[in-house]
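> Sequence and predicted structure below; questions after.
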Amino acid sequence: MYSLIFGYGICKLSNNMIDFRSDTFTRPSHGMLQAMNSAEVGDDVFGEDPTVNKLEAIMADYFGKESALYCPSGTMSNQIAINVHTRPGDEVICSNLAHVYVSEGGGIAFNSGAQVQTLVGDRGLITAAQVQAAIQPDDVHKPHTSLVSLENTSNFGGGCCYNMQDILDISAVCDQHNLALHLDGARLFNALVATGQDPKVYGQAFDSISVCLNKGMGCPMGSVLLGSREFIKAARRVRKKLGGGMRQAGYMAATGIYAMENNIGRLTEDHLHAKQIAAVLREKSFIGEFLPVETNIIIFEVKGRFTPKDLTAYLKDEGILVIPISPTQVRMVLHLDVTPEMVERTCKVLAAL
Ligand SMILES: *Cc1c(COP(=O)(O)O)cnc(C)c1O
């Protein structure tokens with residue numbers, strides 16, 4: 001009784017839930033906690049945290065970029081990049097589903113005074129022809145187009161991935177028109193393991209890349225922004241202005257180093273789990289349109305005898321947490337705290353519905 005009312009019991013209860021709401025719900029593993037515990041630290045605002053410096057060097061090297069900056073969140077690294085690439089009144093081109101546009105609290109306007117031109121792509125993936133057509137002419141009436149921002153994988157597109165050729169085509173258009181090209185790579189590692197693409201080609205195609213460590217990589221927090229030496233120097237100043245300069249951040253950066261060494265390859269397991277669950281869901285009459293499952297995200301329409309809210313409530317009683325993301329759709333996200341046994345149990349519960 002006591003344990004149910006006071007902390008421990010409640011915590012244990014929530015640990016028993018199978019949590020598909022997001023890949024941000026992971027908790028640091030034993031190995032990751034050990035890495036934090038033994039991290040060497042210093043004051044990172046003075047550039048003196050050896051663990052932060054090491055993480056930044058590892059990430060820059062992995063993507064073939066000159067420099068990197070450790071940030072508290074993916075939102076902050078995206079917003080810093082947008083701020084460095086634009087001036088107030090400029091226009092940013094991105095998909096209508098882009099996280100930078102729909103899920104960062106209006107940050108582009110708030111932080112950078114820039115406006116957005118959205119393009120409707122295929123599940124959030126836009127093309128070079130669309131970008132080319134959206135660039136504003138050199139005319140005093142028009143905003144100045146300065147930045148294109150892509151997202152890979154595309155979160156609200158059901159975790160779908162860009163073809164490298166499409167990225168290179170967009171990059172060429174940006175070069176021709178002197179536009180910066182940013183990648184919101186919150187789940188870039190999922191795209192890399194799903195497609196086998198070369199991270200260094202990403203480094204060449206984009207002026208800046210933000211990658212999240214707090215999603216499938218399993219860290220409690222953090223994101224890394226990548227770019228040229230000059231870009232990162234400017235980004236470091238913006239991070240400070242936004243209040244993102246952290247002191248002994250090495251304790252957290254150690255989780256990123258641990259994840260780079262241990263958690264990339266295993267993402268294929270999450271992708272396999274997503275396909276296994278999707279195969280069960282697809283047989284169900286109350287499931288409508290399905291976004292193709294390319295990585296760790298499943299987005300499906302719920303119709304007939306369930307609404308997304310009903311289905312969410314029913315599954316919660318079975319110890320399974322999912323999230324309604326629109327009046328008609330539910331999302332499930334796989335991650336490293338969902339074990340094969342949990343996937344098996346979920347498939348059984350769904351099959352019996
Ligand atoms: C999660 C996410 C981010 C950043 O999120 P934070 O919670 O601020 O780290 C950015 N872009 C996409 C596509 C995301 O899914």
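Structure received. Here the structure is a predicted model, which is why all the values come from computation and not from measurement.

> phi, psi of Gly155?
Slight slip there: residue 155 is Asn, not Gly. Main-chain dihedrals, Asn155, degrees, to the nearest 10: phi -60, psi -60.

> tell me the contacts of it?
Leu97, His99, Ser103, Gly124, Ala186, Arg187, Ile297 (C-beta atoms under 8 Å, 6 or more residues apart in numbering). (C-beta placed from N, C-alpha, C; glycine too.)

> The second one reaches Leu150, doesn't it?
No - taking contacts as C-beta atoms under 8 Å, His99 lies outside contact range of Leu150: 11.0 Å.

> who touches both of these two?
Joint contacts of His99 and Leu150 (C-beta under 8 Å, 6+ apart) are Asp184.

> The closest residue to the ligand within the stretch 1-150 of the chain: what's it in contact with?
Proximity of the stretch 1-150 of the chain to the ligand (C-beta to the nearest ligand atom) peaks at Gly74, 2.5 Å away. Going by C-beta under 8 Å, 6+ apart, Gly74 touches His99, Asp184, Ala186, Ser210, Val211, Cys212, Asn214, Lys215, Ser223.

> neighbour-wise, which of His99 and Leu150 wins?
More crowded of His99 and Leu150, by other C-beta atoms under 10 Å: Leu150, with 28 against 20.

> so the residue nearest to the more buried one when sequence neighbours are not counted, which of the three states?
Leaving aside its sequence neighbours, Leu150 sits nearest to Leu183 (C-beta to C-beta, 6 or more residues apart in numbering; 5.4 Å). Three-state assignment for Leu183 (DSSP: H, G, I helix; E, B strand; the rest coil): strand.

> need the helix or strand of the protein with the lowest average pLDDT.
helix 2-5 (a mean of 37; mean pLDDT, DSSP states H and E).

> what about whatever residue of the stretch 101-250 of the chain ends up closest to the ligand, how many residues close to it?
Of all residues in the stretch 101-250 of the chain, Ala186 sits closest to the ligand, at 3.3 Å by C-beta to the nearest ligand atom. Ala186 sits with 27 neighbouring residues when counted by other C-beta under 10 Å.

> Look at the residue nearest to Leu150 and report its pLDDT.
Looking at Leu183, its pLDDT is 99.

> Please narrow the contacts of Gly74 to those residing in helices.
Per DSSP state H, helices hold the following members of the contacts of Gly74: His99.

> Report the separation between the residue positioned nearest the centre of the chain and Ile325.
Residue closest to the average C-alpha location in the chain (C-alpha atoms, centre = their mean): Ala186, at 2.3 Å. Taking C-beta to C-beta, to the nearest Å as the measure, Ala186 falls 16 Å from Ile325.

> for Ser22, same thing?
On the measure of C-beta to C-beta, Ser22 and Ile325 end up 10 Å apart.

> what about these two, which has more around it?
In terms of neighbours (other C-beta under 10 Å), Ser22 is the more surrounded of Ser22 and Ile325; the figures are 17 against 13.

> Compute the number of surrounding residues for the nearest residue to that one once chain neighbours are set aside.
Nearest residue to Ser22, sequence neighbours excluded (C-beta to C-beta, 6+ apart): Val333, at 5.2 Å. Using other C-beta under 10 Å, Val333 has 26 other residues around it.

> do the same with Val201
15.

> leaving aside the residues next to it on the chain, what's closest to it?
Nearest non-adjacent residue to Val201 (C-beta to C-beta, 6+ apart): Met164, at 6.2 Å.

> wait, doesn't the one you found sit right on Gln197?
Yes - between Met164 and Gln197 there is a contact under C-beta under 8 Å: 5.4 Å.

> Grab the nearest non-local neighbour of Ala109.
Nearest one to Ala109, counting by C-beta to C-beta, 6+ apart, is Gln115 at 7.0 Å.

> How much space separates the one you found from Cys94?
Distance of Gln115 to Cys94, computed by C-beta to C-beta: 11 Å.

> Neighbour count for the two, which is higher?
A direct count of neighbours by other C-beta under 10 Å for Gln115 and Cys94 places Cys94 higher, at 28 against 14.

> That one sits in which helix or strand?
Cys94 belongs to strand 91-95 when assigned by DSSP states H and E.

> what pairs with that strand, and is each one parallel or antiparallel?
Neighbouring strands of strand 91-95 in its sheet, by DSSP bridges, are strand 115-119 (parallel), strand 145-151 (parallel).

> Please compute how far that strand lies from its chain's middle.
A distance of 18 Å separates the centroid of the chain from that of strand 91-95, by C-alpha atoms, centre = their mean, to the nearest Å.

> Check stretch 107-121 too.
Relative to its parent chain, stretch 107-121 has a centroid offset of 18 Å by C-alpha atoms, centre = their mean.

> quick check, it touching the ligand?
No - using C-beta under 6 Å from any ligand atom, stretch 107-121 never reaches the ligand; the gap is at least 9.9 Å.
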